[in-house]
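In: Build me a model from this:
(one chain, ligands or ions: 1)
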Amino acid sequence: METYFAKTLAGLEEALESELKSLGAEEVQVEVRGVSFKADLKTMYRIHLCSRLCIRVLQDLTSFFAKDPDDLYKKAIRYNWKKVIDVDGTFAIGAVSTGEHFPHSKYASLKLKDSIADHFRMKKGRRPDIDVKNPDVQLHLHIRDQQVTIAIDLTGESLHHRGYRPKNARAPLNEILAAGMLTLAGWNSEHDFLDPMCGSGTLLLEAMHMSANVPSQWKRDHFAFMNSMDFSEDLWMELRKETEAQFIRPKVKFQASDLDFAAVLQLKSSLKELPFEVDVEVKTGNFFELTPPEKPMFIIMNPPYGERIQTDGEIEELYIEIGNELKKNYSGSTAWMISSDLQALKRVGLKPAKRIPLKNGQLDCRFVGFNLFRGKRKDQLQKQED
Ligand SMILES: C[S@@+](CC[C@H](N)C(=O)[O-])C[C@H]1O[C@@H](n2cnc3c(N)ncnc32)[C@H](O)[C@@H]1O
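Out: Residues are numbered from 1 along each chain as shown. Model (predicted):
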């Protein structure tokens, strides 16, 4: 078993811990923006194929104490680099350093590059090339004061790319954040799903994949670990077959709509990419004009906050209307909202059953859940006060 580090977004560390345990990881420990864990090769492959909350996985290669960049060069040259880099292959180094001994991370990474190149020259008479754009092996150099850690990136392109939309498509919500919100909200495919402000549909698409038991990376066929010398194609194919056998057709209905025609069009084209069948209705429309559902639903939404709606008054007005709509037409349902506008969230006029701090990019947000009780508005407000 090897030791790995899985990165995630702030606020999702504990959810990632549970997810990785369920995928077979052992000795999982929560750290800042990630978890460390131990796993065998097949589990590491499974985490890449299936994790919805992980951004990337790093594997520590070596760790040592270095006085300065020259010392780093001398110590790194001793590592057996041919275990991880092919002399005919390419590599690149990303570096982060803190502390007075290594004030320039770029210089530290140059020293490491020279050290690796000289290691190969001494052993083989030639050296692997650098390729910063598309290397076979991406190394991470991490220096805190004089403690040096060199890790290899096993993932390559970030796992938030799911393959269900073009890479340059507009996506105001990170796929990992969307999957994290669904996990924290306890999405369990028991009620029909509704995102009435769906934009390009990240929450809908993630919820569907979860309900259908379809791995987040089903459409991807290359990860950085596949460049490694011990990569087993047989093990990978075996894992894909096992995973495919677990696909199911979700029993619930999925609904999503948005005022923005172009965003809905993009969502419709993503739906064509899905490798499973599902009962889904997507349309252009105003939340406040939707036909109220006959039975309780799981509602989740990421309404606009701040940037596009200019005045505070307008955004607060929108949140008041959202609250009124939920109270009037969605009693018995559960509703979740994410927003960075804490003032506007209060204007929804419902007492959250849960409030979870999350970050959407640089924005500090609250992810709040409301239980929409049945009964009259007066009784409902009374229940919140009790
Ligand atoms: C932050 S974006 C949602 C992004 C979405 N989660 C995604 O993954 O693309 C907010 C969306 O709310 C929509 N919206 C605002 N008011 C609406 C209304 N009254 N009815 C329906 N959609 C609305 C906007 O058109 C916008 O697409």
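In: And the contacts of the host helix or strand of residue 206?
Out: Residue 206 belongs to helix 202-212 when assigned by DSSP states H and E. The contact list for helix 202-212 (Cβ atoms under 8 Å, 6 or more residues apart in numbering) reads 52, 162, 164, 171-175, 178-179, 181-182, 187, 189, 193, 195, 198, 214-216, 218, 247-250, 252, 254, 256, 267, 270-271, 274, 276, 278, 280, 282, 300-302. For the C-beta atoms, the positions are set from N, CA and C on the backbone; glycine is no exception.
In: Run through the residues of the stretch 101-250 of the chain sitting next to the ligand.
Out: 171-173, 196-203 (Cβ under 6 Å from any ligand atom).
In: wait, isn't residue 95 in contact with residue 143?
Out: Yes. The criterion here is Cβ atoms under 8 Å, and residue 95 meets it with residue 143 at 7.4 Å.
In: any shared contact partners between the two?
Out: Contacts common to residue 95 and residue 143, judged by Cβ under 8 Å, 6+ apart, are 105, 108.
In: out of the contacts of helix 202-212, which are inside strands?
Out: Among the contacts of helix 202-212, the members found in strands (DSSP state E) are 193, 195, 254, 256, 280, 282, 300-301.
In: returning to that earlier point: buried only: go through the contacts of helix 202-212 for me.
Out: With burial judged by 16 or more other Cβ atoms under 10 Å, the buried subset of the contacts of helix 202-212 is 52, 162, 164, 171, 173-175, 178-179, 181-182, 187, 189, 193, 195, 198, 214-216, 218, 250, 252, 254, 256, 267, 270-271, 274, 278, 280, 282, 300-302.
In: What sits closest to residue 169 if chain neighbours are left out?
Out: residue 266 (5.9 Å; Cβ to Cβ, 6 or more residues apart in numbering).
In: For this protein, which residue gets nearest to the ligand?
Out: residue 199 (2.6 Å; Cβ to the nearest ligand atom).
In: Isn't that residue up against residue 302?
Out: Yes. Using Cβ under 8 Å, residue 199 makes contact with residue 302 at a distance of 7.1 Å.
In: Overlap in contacts, the two.
Out: 172-173.
In: Contacts only, for the residue located most distally from the centre of the chain.
Out: Here the chain reaches farthest from its C-alpha mean at residue 125, the gap being 42.4 Å by Cα atoms, centre = their mean. Residues in contact with residue 125 (Cβ under 8 Å, 6+ apart): none are found.
In: what's the following helix or strand after the biggest helix by length in the chain?
Out: Determined from DSSP state H, the single longest helix within the chain is helix 105-124. Using DSSP H and E, the helix or strand that follows helix 105-124 in sequence is strand 129-130.
In: where does the stretch 151-300 of the chain dip in pLDDT?
Out: 171 (pLDDT under 70).
In: Recalculate using a threshold of 80.
Out: For the stretch 151-300 of the chain, the stretches with pLDDT under 80 are 166-171.
In: now the helices for it?
Out: 175-184, 202-212, 233-244, 261-271 (DSSP state H, counting those that start in this stretch).
In: in the second one, what counts as buried?
Out: In this case it means helix 202-212. 202-212.
In: and residue 360, what are its phi and psi?
Out: phi -110, psi 100 (degrees, to the nearest 10).
In: okay, now it: neighbour count?
Out: 19 (other Cβ atoms under 10 Å).
In: Which residues does it form beta bridges with?
Out: With DSSP bridges as the criterion, residue 360 is bridged to residue 363.
In: From what I see, it and residue 177 are in contact.
Out: Yes. Using Cβ under 8 Å, residue 360 makes contact with residue 177 at a distance of 6.2 Å.
In: which ones are touching the residue nearest to residue 117 when sequence neighbours are not counted?
Out: Nearest non-adjacent residue to residue 117, counting by Cβ to Cβ, 6+ apart: residue 127, 4.3 Å away. Residues near residue 127 by Cβ under 8 Å, 6+ apart: 87, 116-118, 120-121.
In: Just flag the most distant two among the residues of the stretch 101-250 of the chain next to the ligand.
Out: 171 and 196 (18.4 Å; Cβ to Cβ).
In: helix, strand or coil for residue 349?
Out: coil (DSSP: H, G, I helix; E, B strand; the rest coil).
In: Just give me how far stretch 260-276 sits from the chain centre.
Out: Counting by Cα atoms, centre = their mean, to the nearest Å, stretch 260-276 is centred 20 Å from the centre of its parent chain.
In: ok, residues contacting that stretch?
Out: 163-165, 169-170, 198-201, 204-205, 208, 212, 214, 218-219, 247, 249, 256-258, 280, 282-284.
In: try 7 Å
Out: 164-165, 169-170, 198-201, 205, 208, 212, 214, 218, 247, 249, 256, 258, 280, 282-284 (Cβ atoms under 7 Å, 6 or more residues apart in numbering).
In: One more: stretch 218-225?
Out: So stretch 218-225 is in contact with 48, 138, 153-156, 163-164, 231, 275, going by Cβ under 7 Å, 6+ apart.
In: Next, the distance between the ends of that stretch.
Out: 16 Å (Cα to Cα, to the nearest Å).
In: Tell me the buried residues in that stretch?
Out: The neighbour-count check on stretch 218-225 (16+ other Cβ under 10 Å) flags 218, 220, 223-225 as buried.
In: Repeat that for stretch 334-354.
Out: 334-341, 344-345, 347-350, 352.
In: Tally up the residues packed near the closest residue to residue 288 other than its chain neighbours, please.
Out: Using Cβ to Cβ, 6+ apart and skipping residues adjacent in sequence, the residue nearest residue 288 is residue 325, 5.6 Å away. Using other Cβ under 10 Å, residue 325 has 17 other residues around it.
In: Give me the secondary structure label for residue 325.
Out: helix.
In: does it really touch residue 286, like I thought?
Out: No. Using Cβ atoms under 7 Å, residue 325 makes no contact with residue 286, being 10.1 Å away.
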